[in-house]
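Enquirer: would you be able to build a 3D model of this:
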Amino acid sequence: MTTITNDRAMTGTITGRVWIDSNGNDQFDPTEISVDGVPFTLRAMAGGNLVDGVDTSGNPSGTVLIHTGSDGSFRVEGLTPGRYAISASMTLGGFRYTYDSDGGDDWLIDVTVVADGTAVADAAGVAAGALAVTAVDNDSLAPLADASVSCIWAGLDGTFATFDDRVIKSVANSTGVAIFPGVPAGEYECRATTPTGAVSGSTFATVDVAETGVRLPVAGPSMVTLPTTGGDLGRSLQFAVMCATVGMGLLLITRRRTSR
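Expert: The predicted model follows:
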């Protein structure tokens, strides 16, 4: 969360959040993507005004610019009671505004601040992208039902391992497919884990305004591993040496007969 604070008695606070409303219910749900780095402009109106010292960004007097933080939220404290106009914007392929907390869908929000109170300025929208991830056995290519699929969205900056990355999760259906509807356009990194604990490597995908499908080969539960206990390992090595010795002997006999 990004916070601006100014110590002043009898002031109020404005908080807000931006998210991808994948189910379109105008409420933030824990499985939905909150968006970091979205700019908000706060402007005093009709009796409301920014307390001295809040505007530290070089904007004209009476306005302040703030960006959402790592959890997609912002908070401005120390505001004189009154009306404030808040506007936000986000440019993303296939994305459209659908909700803001004053009842509109234009991301132009009118809020009233009261002393010792907190006003809310939320904004949400829907994305047109979709991601379908298929988990399959690495050897047989059979679908892996109930695999857990986790994808990282690279965020607005399109770069992985930065502050605005977001993780989304789903479970594969009976055909091994995990569906992520209503996801924002951009770069994704996905991997799958089977119920038995086998893990795939990473697969990368670029999502636009249409459904994007990727396949994740996972080492299945039938994968054979060497025993790790001392006794079993010793017997296995002895058997392997014996087989190699017998093989070499048969090869020498065959060569001698051929030379005759």
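Enquirer: counting neighbours, what do you get for the closest residue to A192 other than its chain neighbours?
Expert: Spatial nearest neighbour of A192, excluding adjacent residues (Cβ to Cβ, 6 or more residues apart in numbering): A135 at 4.1 Å. (Each C-beta comes from the backbone N, C-alpha and C, glycine too.) By other Cβ atoms under 10 Å, the residues close to A135 number 28.
Enquirer: check the one 3 residues further on too.
Expert: Applying other Cβ under 10 Å, we find 16 residues neighbouring N138.
Enquirer: now it: how far from A205?
Expert: Going from N138 to A205 by Cβ to Cβ, to the nearest Å gives 19 Å.
Enquirer: returning to what we had before: how about the secondary structure of the residue nearest to A192?
Expert: Under DSSP: H, G, I helix; E, B strand; the rest coil, A135 falls in the strand class.
Enquirer: quick one: contacts for it?
Expert: With contact set as Cβ atoms under 8 Å, 6 or more residues apart in numbering, A135 has these partners: 143-144, 147, 149, 172, 176-178, 192, 194, 200, 216, 218.
Enquirer: bridged to it, which residues?
Expert: L216 (DSSP bridges).
Enquirer: repeat that for I66.
Expert: I66 forms beta bridges with F40, as assigned by DSSP bridges.
Enquirer: show me the shaky parts of this structure.
Expert: 1-9, 46-62, 219-260 (pLDDT under 70).
Enquirer: all helices of the chain, in order?
Expert: 230-259 (DSSP state H).
Enquirer: and the residue lying closest to S170 once chain neighbours are set aside, what does it touch?
Expert: Once flanking residues are discounted, S170 sits nearest to A178: 4.1 Å by Cβ to Cβ, 6+ apart. With contact taken as Cβ under 8 Å, 6+ apart, A178 is in contact with A132, V133, T134, A135, A147, V149, S170, V171, A172, A192.
Enquirer: list the contacts of the closest residue to the first one other than its chain neighbours.
Expert: Yep, that's A132 we're talking about. Using Cβ to Cβ, 6+ apart and skipping the chain neighbours, the partner closest in space to A132 is G213 (4.5 Å). Contacts for G213 (Cβ under 8 Å, 6+ apart) come out as L131, A132, V133, T134.
Enquirer: distance-wise, check G213 relative to A178.
Expert: Computed as Cβ to Cβ, the G213 to A178 distance reads 11 Å.
Enquirer: how about A198?
Expert: 16 Å.
Enquirer: again, but for P217
Expert: As judged by Cβ to Cβ, P217 and A178 stand 15 Å apart.
Enquirer: again, but for T194
Expert: Distance, T194 to A178, by Cβ to Cβ: 12 Å.
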